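Generate a structure from the sequence data that follows.
(one chain, ligands or ions: 2)
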Amino acid sequence: MDPRLSIIDERLKEVKRIIAVSGCKGGIGKSVISCALALQLSKLGYKVGLLDLDFFSPSDHIILGAKLSFPEEEKGIVAPEVSGIKFMSIVYFIENKPAPFRGIDVSNAIIELLAITLWNKLDFLVIDMPPGIGDATLDTIRAIKRMGFLLISTQSKLSWESTKRMAKMLKEINVPIIGIIENMQKGSDSFIEKQAKLLGIRFLGSIEFDEKLESKLGNMKSFSQTKFSKQIGKIVPNIC
Ligand SMILES: Nc1ncnc2c1ncn2[C@@H]1O[C@H](COP(=O)(O)OP(=O)(O)OP(=O)(O)O)[C@@H](O)[C@H]1O
Ligand SMILES: [Mg+2]
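Numbering: from 1, shown residues only. Ligands and ions are numbered 1, 2, ... in the order given. Sure, this is the predicted structure:
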């Protein structure tokens, strides 16, 4: 057994709930939803951590406008605070340089990052997961046993078909699914709500396409005041 796995249990022992924000297709809003969810939970007074585990295209630091100075060490690496949220990402170590990880390197880097990061007491740790159900996702499930999955899908049949496959896989391996969020909704009809019902997954709500969102990325105050973030705020009670 990899000895780092028992260190991860120790590192996360004071974290009450771990939410993996996940979905199969790229560009469906996993990162913006992870950041907005962390901010909205923090606004409610919860102690929140945010971990960007997408090593190929880390984005959360851009959305939050986080400064990239090397994190402080203290018998581990202390997750730096960004506007009240404890934030950890591979970008603190690779900065803006490309990081061409191979399969096994990604798994190793994820386990290493989980083993070295000090979160201390948290009510919620939100994880921005890598897309899909490849090695990175499976290794994260193996390393963090207490995760619940928050699935994201757009109304596209293509997005839904792969999310459905992911949901079935999670059920098969007994990983809890918190529910599903429909993102970039256009029109009033919710295709995902109907599909979630058929699959027996809790539907948490829809988020409309917000044309102003892009211009607010990088400024947390403006970002948390967008229609997008407010809609996430309405979904938060369904998650808590
Ligand atoms: N509801 C929305 N309204 C408007 N724009 C949105 C919405 N949701 C996401 N976006 C935009 O879509 C783009 C992709 O979002 P994001 O990067 O969060 O997706 P992702 O699933 O994390 O992608 P990747 O798989 O590459 O990590 C971003 O430019 C984001 O601002
Ligand atoms: Mg992303």
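
which helix in this protein runs the most residues?
The single longest helix within the chain, with elements called by DSSP state H, is helix 157-172.

Flag every buried residue along that helix.
In terms of neighbour count (16 or more other C-beta atoms under 10 Å), helix 157-172 has its buried residues at 159-160, 162-164, 166-167, 170. In this view, the C-beta of every residue, glycine as well, is placed from N, C-alpha and C.

and what of stretch 75-85?
Across stretch 75-85, burial judged by 16+ other C-beta under 10 Å covers 76-80, 82, 85.

just stretch 3-19 next, same as before
7-8, 11-12, 15, 17-19.

Just the closest of those residues to residue 217, please.
Checking the buried residues of stretch 3-19 against residue 217 with C-beta to C-beta, the nearest one is residue 19 at 21.2 Å.

for that closest one, helix, strand, or coil?
Reduced to three states with DSSP: H, G, I helix; E, B strand; the rest coil, the structure at residue 19 is strand.

wouldn't it be in contact with residue 126 here?
Yes. Proximity of residue 19 to residue 126 meets the contact threshold set by C-beta atoms under 8 Å, at 5.1 Å.

Pull up the overlap in contacts between these two.
A shared contact of residue 19 and residue 126, defined by C-beta atoms under 8 Å, 6 or more residues apart in numbering, is any residue touching both; here these are residue 37.

and the chain, which residues reach ligand 1?
Among all residues of the chain, those adjacent to ligand 1 (criterion: C-beta under 6 Å from any ligand atom) are 26-32, 54, 57, 59, 131, 183-184, 207, 209-210, 213-214, 217, 228.

Show me which of the residues you listed are buried.
Burial of those was assessed by neighbour count (16+ other C-beta under 10 Å); the buried members are 28-32, 54, 59, 131, 183-184, 207, 210, 213, 217, 228.

just checking, which of the residues you listed belong to helices?
Using DSSP H, the subset of those located in helices is 30-32, 213, 228.

need the contact list for whatever residue of the chain ends up closest to ligand 2.
Distances between the chain and ligand 2 by C-beta to the ion are smallest at residue 31, namely 3.3 Å. When the contact criterion is C-beta under 8 Å, 6+ apart, the partners of residue 31 are 52, 54, 59-60, 63, 128.

Only alpha carbons, please: show the longest helix of the chain as PDB.
Output for helix 157-172, consisting of C-alpha atoms alone and laid out as PDB, is shown next (Å, rounded to 0.1, in the frame of the first residue of the first chain):
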ATOM      1  CA  LYS A 157     -27.300  15.200 -25.000                       C
ATOM      2  CA  LEU A 158     -23.600  14.600 -25.500                       C
ATOM      3  CA  SER A 159     -22.800  16.100 -22.100                       C
ATOM      4  CA  TRP A 160     -25.700  14.200 -20.400                       C
ATOM      5  CA  GLU A 161     -24.800  10.800 -22.000                       C
ATOM      6  CA  SER A 162     -21.200  10.900 -20.500                       C
ATOM      7  CA  THR A 163     -22.400  12.300 -17.200                       C
ATOM      8  CA  LYS A 164     -24.900   9.400 -17.100                       C
ATOM      9  CA  ARG A 165     -22.100   6.900 -17.600                       C
ATOM     10  CA  MET A 166     -20.200   8.500 -14.800                       C
ATOM     11  CA  ALA A 167     -23.200   8.400 -12.500                       C
ATOM     12  CA  LYS A 168     -23.600   4.700 -13.200                       C
ATOM     13  CA  MET A 169     -19.900   4.000 -12.500                       C
ATOM     14  CA  LEU A 170     -20.100   5.900  -9.200                       C
ATOM     15  CA  LYS A 171     -23.100   3.900  -8.200                       C
ATOM     16  CA  GLU A 172     -21.400   0.700  -9.100                       C
END
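
Fine by me, thanks again.
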